[in-house]
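Engineer: A structural model of the following input is requested.
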Amino acid sequence: MASLAYADAIRDLKFNSCLETISENSELCLSTDCSDVSGESPKSFDAAEALLFFDWDDTLLPTSWISQQGWLNEDGGLDSVDEVSLTREQQVLLQELEVNVEQTLLTAMAYGRVVIVTNALEGWVETSCAAFLPGLRPLLDELDIVSARSTYESLGDASPTAWKRRAFADVILAASGEMEDSRPNLVCVGDSMYEHAALSAAVQGFSETCTAGIHWVR
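Structural biologist: Just a heads-up that it's a prediction; the model follows:
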């Protein structure tokens, strides 16, 4: 079913191969920007220096499809998890997706620290996961989840790109303080081009980084 092509997309992406390519060659990354202010070639990176940012809606969760089924309210949220009634076919499709998303995240976790950064309101990731991908919840509990909108909209930023840029920058800054050489290797996975632009903007000012963007095509 085309509406849940995400399961096939995640599986067919060969995410493990993508990350191996990025890990082994810092100058050859899907959509990348490797920088070193010294002008020298970037050194290799290891998992301790890697941050992998995942979007949630229409990246890990098939939000557009969920909306088409009529499960979301006019604000794009859920009134109650208990009100979601799935057919057997829908359950099977979501369970298949759940397995593929879990494997994708576990693979990513083997390469570095995984952070879910969303422009949805705080709590949406957990609520929507409980409703549609419940088996994924234990794994999500191990990950950092950042609502860029809830954190930064109140500070005067009105742009989704700005919300993600500030969220990325804050996570990178905090992580850099824990890295001996402060040189993060960054991967951004999402369905919107603006989040990849946000990551590129967020790394400005860091002396040495390698950024890679993996764009989920709907």
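
Engineer: drop to CA atoms for contacts and neighbour counts, all remaining ones
Structural biologist: Noted.

Engineer: Okay, buried residues for stretch 150-161 please.
Structural biologist: Residues 150, 151, 152, 160, 161 are the ones in stretch 150-161 that count as buried (16 or more other C-alpha atoms under 10 Å).

Engineer: pLDDT below threshold where in this protein?
Structural biologist: 1-48, 178-183, 207-208, 215-218 (pLDDT under 70).

Engineer: all helices of it, in order?
Structural biologist: 5-12, 15-24, 63-68, 88-109, 124-132, 137-140, 148-152, 160-176, 193-202 (DSSP state H).

Engineer: Give the partner strands of the longest strand seen in the chain in its sheet and their orientations.
Structural biologist: Among the segments of the chain that qualify as a strand by DSSP state E, the longest is strand 208-215. Strand 208-215 pairs in its sheet with strand 32-36 (antiparallel), strand 185-190 (parallel), by DSSP bridges.

Engineer: just curious, which of the buried residues of stretch 150-161 is nearest to residue 184?
Structural biologist: residue 161 (20.8 Å; C-alpha to C-alpha).

Engineer: my guess is that closest one contacts residue 199, does it?
Structural biologist: No. The criterion here is C-alpha atoms under 8 Å, and residue 161 misses it with residue 199 at 9.1 Å.

Engineer: Run a quick check on residue 149 versus residue 124, I expect a contact.
Structural biologist: No. Residue 149 lies out of contact with residue 124 (C-alpha under 8 Å); the separation is 11.4 Å.

Engineer: Those two: who's more crowded?
Structural biologist: More neighbours surround residue 149 than the other of residue 149 and residue 124, with 25 against 17 (other C-alpha atoms under 10 Å).

Engineer: one step back: same list (the helices of the chain) but as a markdown table, adding distance to residue 55.
Structural biologist: Listed next are these as a markdown table, based on distance: least, C-alpha to C-alpha, whole Å:
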| stretch | distance to residue 55 |
| --- | --- |
| helix 5-12 | 13 |
| helix 15-24 | 15 |
| helix 63-68 | 12 |
| helix 88-109 | 12 |
| helix 124-132 | 10 |
| helix 137-140 | 13 |
| helix 148-152 | 11 |
| helix 160-176 | 10 |
| helix 193-202 | 8 |
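
Engineer: what's the closest non-adjacent residue to residue 145?
Structural biologist: Leaving aside its chain neighbours, residue 145 sits nearest to residue 116 (4.8 Å; criterion: C-alpha to C-alpha, 6 or more residues apart in numbering).

Engineer: what does residue 199 give?
Structural biologist: residue 165 is the one closest to residue 199 (C-alpha to C-alpha, 6+ apart), at 5.9 Å.

Engineer: So what's the residue count around the one you found?
Structural biologist: Residue 165 has 23 neighbouring residues, counting by other C-alpha under 10 Å.

Engineer: ok, the residue nearest to the spatial centre of the chain - contacts?
Structural biologist: In the chain, the centroid-proximal residue (C-alpha atoms, centre = their mean) is residue 54; its distance is 0.6 Å. Contact partners of residue 54, counting by C-alpha atoms under 8 Å, 6 or more residues apart in numbering, are 60, 114, 115, 116, 117, 188, 189, 190.

Engineer: my guess is the fifth one meets residue 53, correct?
Structural biologist: In this case it means residue 117. Yes. At 6.4 Å, residue 117 counts as touching residue 53 under the criterion of C-alpha under 8 Å.

Engineer: is residue 212 in a bridge, and if so with what?
Structural biologist: Under DSSP bridges, the beta-bridge partners of residue 212 are residue 32, residue 187.
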